[in-house]
Structures are given as C-alpha cells and as structure tokens.
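J.: Please find the sequence and the predicted model below.
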Amino acid sequence: MADGQISKSRVERLNEKYIETIRHSSSEKVGICETCGQPFEQVWRPNQKQYTAFKTCGLCRALNARGEMKTVLTYTPHPKQQIMHDSPARFKVLSCGIRFGKDRFSIMAGIMRFGDMLCEERGDDMVPGVLWWIIAPSMRIARQNWRELRAYLPREWVVNVSFSNLTVETINGGIIEVHSADDPESLVAVPLDIVTITEASRIKDLETVWDNIEGRLNSPGRGPGGNGGIGIINSSPKGRNYFYKMYCWGQKNHSDYDPLWESWIFETWDNPYMAVRGNQVQKNGKTYRENLQRRMSKRKYEQDYLGRFLAEANSMFPEFEKNCIVKPPDSLSDIEYRKFIKDWEAVDPYETYTIGYDPAKLVDRAIITIRNSKGKVAKVIVMQGKGWDAQWDEVAFYSKLYNYAVVNFGKTGLGETIDSQLQKRGIPTNPINEQGRNKERLVENYAHLVEQAIPKYLYNDEVIFEHNDYEYKTNKNGNMVYANASNDGHDDIVSGGYFAFADFDIIEETLPWTGLIGGVKSKENRRRVS
C-alpha cells in the first residue's frame, strides 16, 4: 500500500463504483442526494411524461418535513403581515387594499401551517395525511394563486405535481389542491386541514361555499394537533356582502363576534414598499397617492386602496362614522382613557337629558340611548335577554340618574303597559307610534340630524356597524321600508337613536343684524343735522 493511501472497506468501494455507474447513466432516472450523497431513483410522471428532478432523496425530504432538517422559506413578512402571523385565531379574515400583500401572506401562512402538520404523527386512517384547499372565485384568479404556491412551496416537500388539476402531492401523504368556487356544491365530501379563500368578496355564493367548507374543517383529527381545520379568508372589499359578515365575526365589539375568529383592515399603504411609492412626487408636483385619488372616485379609492367596507348606495347613514363618532386620542394612557370615558358619561346637573328606549322581548335586545340637549349621547346600553320588569327597572334607574330624563319609547302592542309601568316607577314618558309612515318620519328626522353631525357617539364598533348597515328600500307602493343590511337582523341601536332624537330641537343660531334703521326724524334733529 502506497504511503498516504487510506484503506477503504469493501462496502465503500462498491458504493463508489455504484455512484460512478449512476453518473454515467441517464440522469433522468437516478440522482445523487445533495444532502446525504446517496443515490436515489427519480419518479416517473405519466401525465408530464418525464421523471422528477429532485435534488434530495426521499428520506432526506421526509426528515426535512418532520422538522429534523430545517427548511428556509425565502419570505420576510412586513410588520402588518407579522401581526396576522402572530395571531392565534383559528380563522383569519383580511380586508386589504390592492398590493398590500394579502395573497403572499395567505400562501406563506398556509405553507407554514401545512409543514407543521406534515411533521405530526398521524394515523394510517388519515387519508390524505394533510389536505389544504386554496379556493378562488374563478379559474383565472385560481391560477394566480397556483403560481404563487409553486414559487414558494419548498421543492424538497414535493413528490408529484399535476398541472392540469392544479394539485401538488407532498411527502408524508400531503395534498394541496387549487379550486374555483364556480360550483359551490362541488366543494364537499372531504376532510380539510386548511382552507385559503382568496378574493372572497368576489365569490357569488360565498355563504354556501363557507357552509360547505366549515363542516369539512370540523372533521375528526384535522387541523393543527387535531383540534380542527383552520381558515384564511382574504379579499379587497366589495360593498357589504357576506364577506363583510365574516369580517364582523372577527371584531370583538360586534354583536356577532366569535372568539375563534380575528379580522383586520389594512390599506395599500400599510405595505412599506407601497408606502414609499405612494409618497413619491410625480412630475405634476403631487405624490403618486394624491394622483390616484384625483383620477378615481372617492368610493372606489376607499374600497380598492384603503380596504374599507362602504355602505351601499341606499345606505341611510353613509356619513355616520365621519359625522357622529368621537374617538378618544390614541395617545391616552389606560388611566387617561378610563377618565375620558368617565367624563363623557358623567351627569351634568344643569343639563336636560332624553332617553330613547327600544323595548324588546326576552329573546331580543332592548336598547337604552341617553342624549343631552346638545345631541351628545352619554351612554348606549344593550339589555341583552332581560325580561320586561328588569328592563323597566333599568330604564327607571338611568332616567333618575340623568336628571329624570323623559323616556321616548316605541308604542308597540305593550305600549300602554310600558307607559303605566314606567310612570309607576316615577318616570316621565313619551310613547311614540312607529307604525306605518311614522317610522319613516322618525328615521328621516334622525338621518337629517346625522347629516348635520348633531348626534355625537363615543367610538363603539357595534354602534358604527349598525348605522353603516341600515339601509332603505322602496316597496311596491313607493314607500320606504327599512332593514338591516348585515343579514343579522339587528337594528336596535338605530331604533334607540331615532327614539332619543325624535323630539330634538335644532337650536337656530342668531345671525348678526345687517339692515338699516329707518324712521322719521324729529324737527329738533332735522335742525341739528342741517
């Protein structure tokens, strides 16, 4: 044996010979793993009529998926995207301006959670091992998400790809499928771990789509740790359709809030890249953002670039939030914020208050709205599920607290009973008939006051939601009919508002006198002037 020559085992020498043979054979059929250096066979794809082109063997890919090897994703979320990544919510709803990065977030969040579930020890009865659906309104939009998925899904996870069916098969039995929502009834019959719905507001029958999907996500053993499948729903808004309803489920101050959900509104300019571009000064001396606003309607700009849910054209209070909501300064500390609320609700002993009371049965919500003579709404109280006596006691308590405020209330079938019960408690009352055209007059009077920015409510999401959703329709007789556009049936806060302001008197400002005083001068004055 020559000096410096290292003795090799028989196995090592055979392996080298095998590898050398492979290198001189067809590279389509076999490969050398870049991680462990061992030879492995590529997989034949009948649909593409070619072999796979993996750079690592199946064992290394499996180890990678189980977390024993680290996969580095080429993705750095910007700060607003990171907020959503950090949320523990099972269902996430994103209403975003265009180019915010909602699709990138949705795909990357899906890849991360999909990879986590590939690493879980799941039984043989879980077929497929992990299933992720990406759903879009149309195949055109679906293919955009397909391209995004292929660009960022780690190659070492992939076992097979079907370009015709937009399907990826992964190691450990995972499957990712991209679907169109053209036929909602086709989105059934499979247990799901993840669903990503993109441009949800553009899906024609989103309610049916979600009803079908939610049941699939609740299949036994699915989702992270087997605790239920997860959902990511994104879109730029389009009015106040079912996507808006889903957004409301993630808002803590909304009556339909579900703690499993969280939702956000982000502007195009919340993306740092777009913020820089938006502030670039153009040749006309205005910024890119200013030029955008100039060349499109206000409604389209707010919807497409600010991600806002805009009231429909028949909204009764389209400017409510702008005109009537007072928001505490963001700079306040917790102590200062509590003091701000306390001062807002404090009783002024020299003020005259009025209460709007919308009576309701035990299963419904009853509302108390308290305003002063200038239109400031001191409090809005939701009496959820209280019986009649409990409601009347609470109305009486607040009436006495706020200087024996007169109570305007809806004169329903129990009108006389309510009147007598409140008077029995020593409370001044004003029963109001809201049947037929009377309700139309009440709503129109209230809408007129809102237009003049007279009612002032302290910031409250539920108050804003109900006013934004309240719309009018015209029946066959040409009369206005009012309804709540959010499909949840709640318009109680609006009713409390129009009762509270039913007899509001607008104080006319005294205008300065600009005329001339005329008259007959006395003889003495005439002589004095001459």
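T.: Okay, I see it.
J.: residues contacting residue 262?
T.: 87, 89, 91, 92, 93, 250 (CB atoms under 8 Å, 6 or more residues apart in numbering). For the C-beta atoms, the positions are set from N, CA and C on the backbone; glycine is no exception.
J.: so what's it scoring on pLDDT?
T.: According to the prediction, residue 262 has pLDDT 97.
J.: Same check on residue 10?
T.: 63.
J.: Equivalent analysis for residue 280, please.
T.: Value listed for residue 280 in the pLDDT field: 94.
J.: ok, it to residue 302 distance?
T.: Separation of residue 280 from residue 302 (CB to CB, to the nearest Å) stands at 21 Å.
J.: Determine the longest helix present in this structure.
T.: In terms of residue count, the longest helix belonging to the chain (DSSP state H) is helix 102-118.
J.: Now do that helix, average pLDDT.
T.: On average, helix 102-118 scores 93.
J.: Identify each buried residue in stretch 307-327, please.
T.: 307-311, 315-318, 320-321, 323-325 (16 or more other CB atoms under 10 Å).
J.: circling back: who wins for most neighbours among the contacts of residue 262?
T.: residue 93 (27 neighbours; other CB atoms under 10 Å).
J.: so what's that one up against?
T.: 233, 234, 243, 246, 247, 249, 250, 261, 262, 263, 264 are the contacts of residue 93 under CB under 8 Å, 6+ apart.
J.: Now the residue most central in space within the chain: closest residue in space that isn't a chain neighbour?
T.: Centroid check for the chain by CA atoms, centre = their mean gives residue 247 as the closest residue, at 3.1 Å. For residue 247, ignoring the flanking residues on the chain, the nearest one in space by CB to CB, 6 or more residues apart in numbering is residue 263 at 4.6 Å.
J.: So what sits opposite the one you found in the bridge?
T.: residue 93 (DSSP bridges).
J.: could you list every residue that touches it?
T.: Residues in contact with residue 263 (CB under 8 Å, 6+ apart) are 92, 93, 94, 95, 246, 247, 248, 249, 250, 251.
J.: Could you list which of those residues belong to strands?
T.: 92, 93, 94, 95 (DSSP state E).
J.: returning to what we had before: okay, residue 280 and residue 302: which has more neighbours?
T.: Neighbour count, other CB under 10 Å: between residue 280 and residue 302, residue 302 has more, with 18 against 9.
J.: Helix or strand: which one has that one?
T.: helix 298-304 (DSSP states H and E).
J.: Now tabulate the ones in strands among the contacts of residue 263 in JSON lines and tack on distance to residue 182 and pLDDT.
T.: Listed next are the ones in strands among the contacts of residue 263 as JSON lines, based on distance: CB to CB, whole Å; pLDDT from 0 to 100:
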{"residue": "92", "distance to residue 182": "24", "pLDDT": "97"}
{"residue": "93", "distance to residue 182": "22", "pLDDT": "97"}
{"residue": "94", "distance to residue 182": "23", "pLDDT": "96"}
{"residue": "95", "distance to residue 182": "23", "pLDDT": "95"}
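J.: Let me have those in a markdown table, extended by distance to residue 54.
T.: Output for the ones in strands among the contacts of residue 263, formatted as a markdown table (distance: CB to CB, whole Å):
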| residue | distance to residue 54 |
| --- | --- |
| 92 | 33 |
| 93 | 37 |
| 94 | 34 |
| 95 | 40 |
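J.: quick one: which of those is nearest residue 125?
T.: Closest approach between these and residue 125, by CB to CB: residue 92, at 29.1 Å.
J.: May I have stretch 273-289 exported as CSV, CA atoms only?
T.: What follows is stretch 273-289, C-alpha atoms only, in CSV (Å, rounded to 0.1, in the frame of the first residue of the first chain):
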residue,chain,number,x,y,z
TYR,A,273,-42.9,49.2,-0.4
MET,A,274,-46.2,50.8,-1.5
ALA,A,275,-45.9,53.5,1.2
VAL,A,276,-42.6,54.6,-0.4
ARG,A,277,-44.1,54.6,-3.8
GLY,A,278,-47.2,56.4,-2.7
ASN,A,279,-45.2,59.2,-1.3
GLN,A,280,-43.0,59.7,-4.5
VAL,A,281,-43.6,63.1,-6.0
GLN,A,282,-44.6,63.0,-9.7
LYS,A,283,-44.0,65.4,-12.5
ASN,A,284,-47.1,67.4,-11.6
GLY,A,285,-45.8,68.1,-8.1
LYS,A,286,-48.2,65.7,-6.4
THR,A,287,-47.5,62.4,-4.9
TYR,A,288,-48.4,59.1,-6.5
ARG,A,289,-51.1,58.6,-3.9
